[in-house]
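Mind folding the following:
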Amino acid sequence: MPKEITAQFGIGPMSSEAIEAVYRYSNFNRKQLMLIASKNQIDHSGGYVNGWSTKEYSEHLKTLKDKYTFSDVLLCRDHCGPGFTGNFDLKDTYQTIEEDINNGFDLIHIDFCHHKGTFEEKLEESKKAIEFCKGLNEEILIEIGTDENLGDNFAFNSIDEIEKEIDYFTSFCDPNFFVVQTGSWVMEINQAGNFNSDFSKEVSSLIRSKGLKFKEHNADYLTSEEIAKRKGIVDAMNIAPQYGVIQTGIIINKCLAYGIDFESWAEIVYKGGKWKKWLKDNTPENKFLCINIAGHYHFATDEYKIIFDQINQYEDLSETIIESLVEVTEHYENSF
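So this is what the prediction gives:
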């Protein structure tokens with residue numbers, strides 16, 4: 001039997017500490033959560049999270065399950081499709097799927113929004129990928145949604161278009177989640193979007209009438225009031241960059257507090273340029289903001305490990321980070 005999904009939140013595995021925070025919260029609160037790994041974070045050939053391959057990541061999660069025996073964490077693949085890491089070869093996408101299923105993933109989000117073809121061709125290739133998933137594991141859970149988030153000023157898809165897409169997928173499989181833009185949009189270290197309540201209510205009614213759950217992406221940095229607006233409309237939300245930004249902020253603040261030089265790591269982060277896609281109103285001259293935005297992409301560097309070890313001489317840094325990230329999860333769970 002496929003696993004039952006009760007989780008309302010998917011959290012990006014931004015670091016070892018973020019991952020453990022998910023298991024710890026789930027264990028002590030008896031709440032199911034989802035870990036939503038993107039291809040650039042974890043993949044068959046490695047990723048920026050500890051350089052882990054899918055297999056190495058899965059093995060690490062087994063140790064956490066042993067440590068937190070009451071945890072209930074679903075292993076999920078976020079945005080599985082061509083182009084998300086600059087590789088448009090479909091063989092790479094299928095290798096991701098195969099490795100995920102071989103290593104115990106519970107859910108795969110099939111997302112071909114970057115596939116180079118017409119919308120109809122994107123749907124056709126999505127179908128082939130889902131059928132491949134089901135051929136490897138009939139019980140694998142599926143998330144669908146090919147609508148790329150273009151920002152706060154995008155034009156929402158019509159309800160008719162969304163219904164046609166849902167009907168296409170449900171004609172050959174039973175998806176669990178359907179992703180639709182709600183107006184949320186993460187830029188810099190803020191929630192830069194606006195929740196479109198009227199549209200979201202209408203699309204929620206449609207999605208649920210088709211037997212699916214409504215998933216919202218880009219739900220980072222929401223206040224309690226903003227989270228509460230989604231109650232009864234959205235079934236689950238994804239949060240990722242916020243966890244990495246909080247950890248980066250802790251690292252920088254601790255370095256300043258203890259007089260630890262973090263310039264070498266900061267230069268690596270800045271020169272890495274991962275902050276570029278997140279800038280909205282600020283410019284590259286605001287280096288401190290850029291480092292805050294993109295620090296998590298470089299937690300696996302030797303320079304980061306050096307400053308981490310130096311901070312660790314004064315306090316248990318991992319514990320400080322984990323507890324801070326648990327509080328983020330509590331904020332979302334308690335507000336929804």
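
which residues of the stretch 101-250 of the chain score low on pLDDT?
Along the stretch 101-250 of the chain, the model assigns pLDDT under 70 to residues 146-157.

Which stretches in it count as helices?
Along the stretch 101-250 of the chain, the segments classed as helices by DSSP state H, counting those that start in this stretch run 119-136, 159-170, 197-209, 224-229, 241-258.

Any buried residues in the shortest one, and which?
Right, the one you point to is helix 224-229. For helix 224-229, the neighbour count (16 or more other CB atoms under 10 Å) marks Glu226, Ile227, Lys229 as buried. Placement of C-beta: from N, CA and C, glycine included.

just stretch 183-201 next, same as before
183-189, 191-193, 195, 199-200.

tally of neighbours for Glu202?
The number of residues packed near Glu202 is 15, by other CB atoms under 10 Å.

That one: what's it in contact with?
Counting by CB atoms under 8 Å, 6 or more residues apart in numbering, Glu202 touches Ile159.

Distance check, it against Leu212.
In this view, Glu202 and Leu212 are 15 Å apart by CB to CB, to the nearest Å.

again, but for Gln181
Between Gln181 and Leu212 the computed distance is 16 Å (CB to CB).

What of Gly47?
Gly47 is 29 Å from Leu212, by CB to CB.

Show me the strands in the chain, by range?
Counting by DSSP state E, the chain has strands at residues 9-11, 32-37, 72-80, 107-110, 141-144, 177-179, 186-187, 190-191, 213-216, 236-239.

could I get those as a markdown table with distance to Phe169?
Below are these laid out as a markdown table (distance: least, CB to CB, whole Å):
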| stretch | distance to Phe169 |
| --- | --- |
| strand 9-11 | 19 |
| strand 32-37 | 19 |
| strand 72-80 | 15 |
| strand 107-110 | 9 |
| strand 141-144 | 5 |
| strand 177-179 | 8 |
| strand 186-187 | 26 |
| strand 190-191 | 29 |
| strand 213-216 | 13 |
| strand 236-239 | 17 |
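
what's the closest of these to Asp281?
Asp281 lies closest, by CB to CB, to one member of those: strand 186-187, at 8.2 Å.

one step back: quick one: which of Gln181 and Leu212 has more around it?
When neighbours are counted by other CB under 10 Å, Gln181 and Leu212 differ, and Gln181 comes out ahead with 24 against 21.

Count the neighbours of Tyr314 for me.
Count around Tyr314 with other CB under 10 Å applied: 11.

Does it touch Tyr258 like I think?
Yes. Contact criterion CB atoms under 8 Å: Tyr314 and Tyr258 qualify, at 5.4 Å.

Next up, the contacts around Ser200.
Ser200 sits next to Val180, Thr182, Gly183, Phe214, Glu216, Arg230, Ile233, Val234 when contact means CB under 8 Å, 6+ apart.

same check, this time on Gln8
Asp235, Ala236, Met237, Glu333, Phe336.

circling back to that earlier point, right, and out of the buried residues of stretch 183-201, which lies closest to Ile110?
Set against Ile110, the nearest of the buried residues of stretch 183-201 by CB to CB is Ser184 (21.1 Å).

show me what contacts that closest one?
When contacts are counted by CB under 8 Å, 6+ apart, Ser184 touches Gln191, Gly193, Phe195, Glu216, His217, Asn218, Ala219, Leu222.

now those as CSV including distance to Ala129?
Formatted as CSV, these follow (distance: CB to CB, whole Å):
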residue, distance to Ala129
Gln191, 31
Gly193, 28
Phe195, 30
Glu216, 22
His217, 19
Asn218, 23
Ala219, 25
Leu222, 31
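
Pull the number of nearby residues for the closest residue to Gln95 other than its chain neighbours.
Closest residue in space to Gln95, ignoring its immediate chain neighbours: His44 at 5.1 Å, by CB to CB, 6 or more residues apart in numbering. His44 has 18 neighbouring residues, counting by other CB under 10 Å.
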